[in-house]
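Student: just the structure for this:
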Amino acid sequence: EVQLVESGGGLVQAGGSLRLSCAASGFAFDDYAIAWFRQAPGKEREGVSCITTRRGNTFYTDSVKGRFTISSDNAKNTVYLQMNSLKPEDTAVYYCHAEAITTARVWNNYWGQGTQVTVSS
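Tutor: Got it, this is the predicted structure:
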């Protein structure tokens, strides 16, 4: 069974930090790109950051560059999102997403259940 389990969300004051974790199981972790998305109330889900677990290539959306850091511990099948200098506009439900195209050219993608991040001003 494929699972992506997020943790680490919570309530923090502006300027504070949180570290989100995404623990994966049930698929070949090293073959996937793992991303964090977020969705604020009344807004569309947006991509925040992504990492290719085998090569460690990373991507950040402009609004979080310099504040968020994504990393991967392949031995633990876990991806982290370190969030520093948090702002009220970072408030959202954060989702973990895993994606790959298999050698059989099948597009696999999976979502976690989400974790709430609330930044107070």
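Student: from residue 45, how far off is residue 67?
Tutor: Distance, residue 67 to residue 45, by C-beta to C-beta, to the nearest Å: 20 Å. Glycine gets a C-beta too; all of them are placed from N, C-alpha and C.
Student: from residue 9, how far out is the residue lying closest to residue 24 once chain neighbours are set aside?
Tutor: The shortest distance from residue 24 to any non-neighbouring residue, by C-beta to C-beta, 6 or more residues apart in numbering, is to residue 77 (4.7 Å). Per C-beta to C-beta, residue 77 is found 20 Å from residue 9.
Student: what of residue 105?
Tutor: Counting by C-beta to C-beta, the gap from residue 105 to residue 9 is 35 Å.
Student: neighbour count winner among those two?
Tutor: residue 9 (19 against 6; other C-beta atoms under 10 Å).
Student: OK, contacts around the more buried one?
Tutor: Residues near residue 9 by C-beta atoms under 8 Å, 6 or more residues apart in numbering: 18, 20, 94, 115-117.
Student: and for residue 35?
Tutor: Residue 35 neighbours (C-beta under 8 Å, 6+ apart): 47-51, 96-99.
Student: helix or strand for it, just tell me which one.
Tutor: Applying DSSP states H and E as the criterion places residue 35 in strand 33-39.
Student: what residues of the helix or strand following that strand count as buried?
Tutor: Downstream of strand 33-39, the first helix or strand assigned by DSSP H and E is strand 46-52. Neighbour counts over strand 46-52 (16 or more other C-beta atoms under 10 Å) mark 48-52 as buried.
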